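Participant: Coordinates for the following, if possible.
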Amino acid sequence: MKRISYAEDHVVTGDAIADAVMAYAQALAMCGRSDTIDLPGLDAHGVRRRFRILVGPASQMLTSDVRPEDDDAGDGDITDDALVDDLLARTRDVAGASPQPVAVGDEVVVDLDGEQFRPAQFDEDALGA
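Facilitator: Model prediction:
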């Protein structure tokens, strides 16, 4: 279990959920966007409930492990596989494609005559020439 500290309060939730929330928050911050996340967790009194948090470029969050002897540890990990999958998909959508490494010695062929490398064609009549 992990504690997400956020806006002078905290929520205790499962490890996978907390990690996915942090990854998504980082991806949003990198592109200057924000979103809300609805997640299960334990409040400061150890009561299970749902939380809605706003994450984005100005979010200041941190996570910390919850020890079993902590008052707000609850009993058992909190899981939500559908939420984790959704957050990972949102993170991929926001972050975009990642560069893929090429092994040394592999031949990489780039078609410099391809469409993406051709200069733009202008209609001279439309430009008033």
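
Participant: With adjacent residues omitted, what lies nearest to L42?
Facilitator: Leaving aside its chain neighbours, L42 sits nearest to V12 (4.2 Å; criterion: Cβ to Cβ, 6 or more residues apart in numbering). In short, each C-beta sits where N, CA and C put it, glycine included.

Participant: quick one: secondary structure of that neighbour?
Facilitator: strand (DSSP: H, G, I helix; E, B strand; the rest coil).

Participant: Would you mind measuring from it to R48?
Facilitator: Distance of V12 to R48, computed by Cβ to Cβ, to the nearest Å: 10 Å.

Participant: Show me which of these two is the more surrounded one.
Facilitator: V12 (22 against 11; other Cβ atoms under 10 Å).

Participant: That one touches R67, doesn't it?
Facilitator: No: V12 is beyond contact range of R67, at 11.1 Å (criterion: Cβ atoms under 8 Å).

Participant: Low-confidence bits of the protein, can you list those?
Facilitator: Residues of the chain meeting the criterion pLDDT under 70: 70-75, 97-98, 102, 106, 115-129.

Participant: quick one, strands of it?
Facilitator: 2-6, 9-13, 35-42, 48-55, 61-65 (DSSP state E).

Participant: want to throw these into JSON lines with distance to D81?
Facilitator: Shown next, in JSON lines, are the strands of the chain (distance: least, Cβ to Cβ, whole Å):
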{"stretch": "strand 2-6", "distance to D81": "16"}
{"stretch": "strand 9-13", "distance to D81": "13"}
{"stretch": "strand 35-42", "distance to D81": "12"}
{"stretch": "strand 48-55", "distance to D81": "16"}
{"stretch": "strand 61-65", "distance to D81": "19"}
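
Participant: Could you check how far the residue nearest the centre of the chain is from D81?
Facilitator: The chain has Y24 as the residue nearest its centroid, 1.3 Å off, counting by Cα atoms, centre = their mean. Going from Y24 to D81 by Cβ to Cβ gives 16 Å.

Participant: try A103
Facilitator: A103 is 34 Å from D81, by Cβ to Cβ.

Participant: do G32 as well
Facilitator: 30 Å.

Participant: Same check on A16?
Facilitator: 8 Å.
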